[in-house]
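Student: here are the coordinates; sequence isn't available:
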């Protein structure tokens, strides 16, 4: 039993670094490391269409947001083709995104039309001071990088939690705070705002 346990422990010690390296390189899909996924080849092609990059966390990653957007466009006979790509990971913040070399490469290597930014779900429900500290600085940096490529920034307004984010909070109060926070940030960046949270509320 001791020998078996030692073999398992050694196996894990060897396997984890290998797995982490493969995940960081994008060769293995991991929920902990972002990588490009979706219509990557179409986004690189010369085909006519709108190229959209979604940058965010689990609200994008687990809900296949890019695929839903593409399918909505496909269902509209008058709509242009939309090539949707995601660069997302659970718990990812705009700070993480602004410091990520892989995202910087993706912004430079593709001719995006729109880059959709989605932050940690409760950051923009905080006080104005906390919102500016946790989100605005990094959103501005990302917006500059996006603008330099010729793309435009769009903000993805999150939806609130069923019982709010904080003690004594409610869904309605959190959604109101998120709407205020996202509207303020969109105005500061002169960016488009996709009011997903308000649609969720409705």
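Tutor: Nice, thanks for sending it over. This is a predicted model, so every value here is computed, not measured.
Student: Please enumerate the helices of this protein.
Tutor: Secondary structure of the chain (DSSP state H): helices located at 2-25, 40-44, 58-61, 65-75, 94-98, 101-109, 128-131, 137-148, 171-189, 196-201.
Student: Tally up the residues packed near residue 132, please.
Tutor: Using other C-beta atoms under 10 Å, residue 132 has 16 neighbouring residues. Placement of C-beta: from N, CA and C, glycine included.
Student: What distance do you get for it to residue 179?
Tutor: To residue 179, residue 132 is 17 Å away according to C-beta to C-beta, to the nearest Å.
Student: before we move on, the earlier item: would you mind putting the helices of the chain into a markdown table with distance to residue 122, mean pLDDT and mean neighbour count alongside?
Tutor: Output for those, formatted as a markdown table (distance: least, C-beta to C-beta, whole Å; pLDDT from 0 to 100; neighbours: other C-beta atoms under 10 Å):
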| stretch | distance to residue 122 | mean pLDDT | mean neighbour count |
| --- | --- | --- | --- |
| helix 2-25 | 27 | 53 | 11 |
| helix 40-44 | 30 | 92 | 16 |
| helix 58-61 | 11 | 86 | 20 |
| helix 65-75 | 18 | 89 | 16 |
| helix 94-98 | 13 | 96 | 22 |
| helix 101-109 | 22 | 95 | 15 |
| helix 128-131 | 10 | 92 | 13 |
| helix 137-148 | 15 | 97 | 18 |
| helix 171-189 | 7 | 95 | 19 |
| helix 196-201 | 12 | 92 | 16 |
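Student: of all the ones you listed, which lies closest to residue 51?
Tutor: Closest approach to residue 51 among these (C-beta to C-beta): helix 40-44, 4.8 Å.
Student: Does anything pack onto the closest one? Which helices or strands?
Tutor: In this structure, helix 40-44 packs against strand 82-88, with contacts taken as 3 or more C-beta pairs under 8 Å, 6 or more residues apart in numbering; DSSP states H and E.
Student: So which elements touch the strand it packs on?
Tutor: The contact analysis (3+ C-beta pairs under 8 Å, 6+ apart) places strand 82-88 against strand 36-38, helix 40-44, strand 50-56, helix 58-61, helix 65-75, helix 101-109.
Student: thought residue 39 was touching residue 86?
Tutor: No. If you go by C-beta atoms under 8 Å, residue 39 and residue 86 don't touch, sitting 9.6 Å apart.
Student: Give me the common contacts of these two.
Tutor: Overlap of the contact sets of residue 39 and residue 86 (by C-beta atoms under 8 Å, 6 or more residues apart in numbering) consists of residue 66.
Student: More neighbours: those two, which one.
Tutor: residue 86 (24 against 21).
Student: I'd like the helices of the chain laid out as JSON lines, including distance to residue 156.
Tutor: JSON lines is the format used below for the helices of the chain (distance: least, C-beta to C-beta, whole Å):
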{"stretch": "helix 2-25", "distance to residue 156": "25"}
{"stretch": "helix 40-44", "distance to residue 156": "18"}
{"stretch": "helix 58-61", "distance to residue 156": "7"}
{"stretch": "helix 65-75", "distance to residue 156": "8"}
{"stretch": "helix 94-98", "distance to residue 156": "11"}
{"stretch": "helix 101-109", "distance to residue 156": "15"}
{"stretch": "helix 128-131", "distance to residue 156": "15"}
{"stretch": "helix 137-148", "distance to residue 156": "12"}
{"stretch": "helix 171-189", "distance to residue 156": "8"}
{"stretch": "helix 196-201", "distance to residue 156": "6"}
